[in-house]
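> What shape does this take:
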Amino acid sequence: MRYFDQSLWRQTCRERIDMQKLSGEIAVDLAVIGGGYTGCSAALMAANSGASVCLLEAHQIGHGGSGRNVGLVNAGLWLPPDQIRAHLGQAAGDRLIDLLANAPSEVFDLIDAHKIDCEPVRHGTLHCAHSAKGFGDLRTRYTQLSTSGAPVKLLDADTSRQRTGSPAVHGALFDPRAGTIQPQAYAVGLARAAQDAGAQIYTQSPIESLQQEAEMWVLRGNGATVRAKSVIQATNAYHQGMADTVPDYVPVYYFQYATAPLSHNLRASILPKGEGCWDTGLIMTSFRLDEAGRFIIGGMGDLSSAGSFAHKAWVWRKLAALYPQLADQSLTQGWHGRIAMTSDHIPKITQIGPNALAAHGFSGRGIGPGTVFGRLMAESLLNDDPSLLPVPPMSEYSENWTGLRRAFFETGAALTHFVKARF
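Next comes the predicted model:
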């Protein structure tokens, strides 16, 4: 089995967009750097408002974490509500919680409005307990979410095993607001919708410098120039160039493997209602089906690292533990993506200059939060109103020991997968 950097999602994406490289000189109200969920959402909002906007992507739309995503459209962040309030304060915390509670609706409404062909299934998600202790953690999360008004349900072990079809779960937290999508197709569909609304979309167009001249932002790359009144940098964990605006985060890798499409009988025994799942393990596991019936399983780890053998060995054992009926299934595709993790797991917006904002640090929750953050950043800049932002902007943000912490996470994931693959 070979490792491909190109994800399954890129291979099966049915959305298409007309693409061109940046050339010459253009002037716009808003320049957006980065063609993931945040950047495409910002470009769509700006174009719909009547502003002139260009989106600049160094590779292809969805090249980074957006196109390598698990595809779970969840409400909220990894953190339970009380921890969000503890980090941001009551008022700011409540605002972010409310915004992201509605994020799945925003995503699925955009899919419907623009007819984005991204395999949308809104049958909820299941946060599965990997152990009795994990179920205790879910109970705490359920209490906090319920108190905050979320329509979540705590399912016991028997009910969870019926819902998942897996004997390995010890309970689950069901969130009916959530769902699954083909994540690459959603990113391309957002870009296509923005283009249809008048946005200029440029791919294979890396930006090498960003400077302010005569109260305008000047972006240069490949001999071309963009002059913009406002700028959004939405490069997250795939930033390149422009050293002065590199986002500070801990890079964490997450990989996925997919089977070939399952037979009808096998498919009927696994997640019969079509929920997407992840578990409470410290080294998290995700699993879901796609539209064609492929079973897709993921875990933390870098498939290009020295520990890749442990990750690959773990997948086989984990697959058989979750679904013994899949023990003889071959895995046909493998890929990984890079996550921008912050210490508090809360996304950051930094003010990189006058009328210029950058967002990063979605910590593995990019679909809903990225869509919301992109829209609100564009609204804020175009209306000159910082109060519209989902979180207060920061003048700067830094993380300590990012290289060591990346090594710690990767080593921990590799060791955990090595032990669990053997015993």
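
> what bits of the stretch 1-150 of the chain have low per-residue confidence?
For the stretch 1-150 of the chain, the stretches with pLDDT under 70 are 1-5.

> mind listing the strands in it by residue range?
Along the stretch 1-150 of the chain, counting by DSSP state E, counting those that start in this stretch, strands occupy 25-33, 53-56, 72-73, 125-128.

> elements contacting the shortest one?
Translated: strand 72-73. Under the contact criterion of 3 or more Cβ pairs under 8 Å, 6 or more residues apart in numbering; DSSP states H and E, strand 72-73 touches helix 103-113, strand 179-180, helix 367-383. For every residue, glycine as well, the C-beta is placed using N, CA and C.

> Let me know the average pLDDT across the helix or strand that the longest one is followed by.
Along the chain past helix 367-383, the next helix or strand (assigned with DSSP states H and E) turns out to be helix 402-422. Here helix 402-422 scores 76 as its mean pLDDT.

> Tell me how far stretch 233-251 lies from the chain's centre.
16 Å (Cα atoms, centre = their mean, to the nearest Å).

> in it, what counts as buried?
Buried residues in stretch 233-251, defined by neighbour count with 16 or more other Cβ atoms under 10 Å: 233-239, 242, 245, 247-251.

> so L110 touches I116, yeah?
Yes: using Cβ atoms under 8 Å, L110 is in contact with I116, at 6.9 Å.

> okay, and the common contacts of these two?
Shared contacts of L110 and I116 (Cβ atoms under 8 Å, 6 or more residues apart in numbering): 190, 193.

> neighbour-wise, which of the two wins?
Legend: neighbour count by other Cβ atoms under 10 Å for L110 and I116, higher for I116 (24 against 19).

> Return the residues in contact with that one.
15, 110, 185-186, 189-190, 192-193.

> Turn these into CSV, columns for distance to K318 and secondary structure.
Output for the contacts of I116, formatted as CSV (distance: Cβ to Cβ, whole Å; DSSP: H, G, I helix; E, B strand; the rest coil):
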residue, distance to K318, secondary structure
E15, 31, coil
L110, 33, helix
A185, 27, helix
Y186, 27, helix
G189, 32, helix
L190, 32, helix
R192, 36, helix
A193, 37, helix
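
> May I have the phi/psi pair for the residue nearest the centre of the chain?
In the chain, the centroid-proximal residue (Cα atoms, centre = their mean) is G366; its distance is 2.6 Å. Dihedral pair for G366: phi -90, psi -30, per degrees, to the nearest 10.

> show me what contacts it?
Contacts of G366 (Cβ under 8 Å, 6+ apart): 36-38, 65-66, 69, 236.

> In helices only, show me those.
37-38 (DSSP state H).

> May I ask which of the contacts of G366 has the most neighbours?
T38 (33 neighbours).

> List the residues that contact that one.
Contacts of T38 (Cβ under 8 Å, 6+ apart): 232, 234, 236, 359, 366, 370-371, 373-374, 377.

> Show me which pair in those is furthest apart.
Longest distance between any two of the contacts of T38 is 15.4 Å, between I232 and G366; criterion Cβ to Cβ.

> in the protein, what residue sits furthest out from the centroid?
Most distant residue from the mean C-alpha position of the chain: A214, 36.2 Å away (Cα atoms, centre = their mean).

> Enumerate every residue touching it.
Going by Cβ under 8 Å, 6+ apart, the list of residues near A214 is empty.

> rerun at 10 Å
Going by Cβ atoms under 10 Å, 6 or more residues apart in numbering, A214 touches R227.

> same thing with P393?
P393 sits in contact with 348-352, 357-359, 377, 380, 386, where contact means Cβ under 10 Å, 6+ apart.

> what do you get if the cut-off is 6 Å, keeping everything else the same?
Counting by Cβ atoms under 6 Å, 6 or more residues apart in numbering, P393 touches 349, 351.

> Provide the backbone phi and psi angles at G223.
Dihedral pair for G223: phi 80, psi 0, per degrees, to the nearest 10.

> Can you give me every residue that contacts G374?
Residues counted as contacts of G374 (Cβ under 6 Å, 6+ apart) are 38, 41-42.

> mind redoing it with 7 Å?
The neighbours of G374, taking Cβ atoms under 7 Å, 6 or more residues apart in numbering as the test, are 37-42, 234.

> Closest to R139 out of those?
Y37 (31.3 Å).

> Confirm for me that that closest one is in contact with G64.
No: counting by Cβ atoms under 7 Å, Y37 does not reach G64; the two are 9.8 Å apart.

> Can you list the residue ranges for helices in the stretch 101-250 of the chain?
Counting by DSSP state H, counting those that start in this stretch, the stretch 101-250 of the chain has helices at residues 103-113, 132-147, 157-164, 183-196.

> go on, the stretch 251-400 of the chain?
So, for the stretch 251-400 of the chain - with DSSP H, counting those that start in this stretch - the helices run 264-268, 308-322, 367-383.

> any chance of the ones you listed in TSV, plus distance to F255 and mean pLDDT?
Shown next, in TSV, are the helices of the stretch 251-400 of the chain (distance: least, Cβ to Cβ, whole Å; pLDDT from 0 to 100):
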stretch	distance to F255	mean pLDDT
helix 264-268	23	95
helix 308-322	6	92
helix 367-383	18	98
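
> Single out the most deeply packed of those.
helix 367-383 (a mean of 24; mean count of other Cβ atoms under 10 Å).

> and stretch 61-80, how far apart are its ends?
End-to-end span of stretch 61-80 (Cα to Cα, to the nearest Å): 31 Å.

> Correction: the previous question concerned stretch 45-62.
18 Å.

> go on, stretch 55-71?
Across stretch 55-71, first to last residue, Cα to Cα, it's 23 Å.

> same thing with stretch 348-360?
6 Å.

> Verify the contact between H336 and F255 for me.
Yes: the criterion here is Cβ under 7 Å, and H336 meets it with F255 at 3.8 Å.

> Tell me the residues that contact both of the two, please.
L303.

> Tell me, how many residues neighbour S304?
Residues near S304, counting by other Cβ under 10 Å, number 12.
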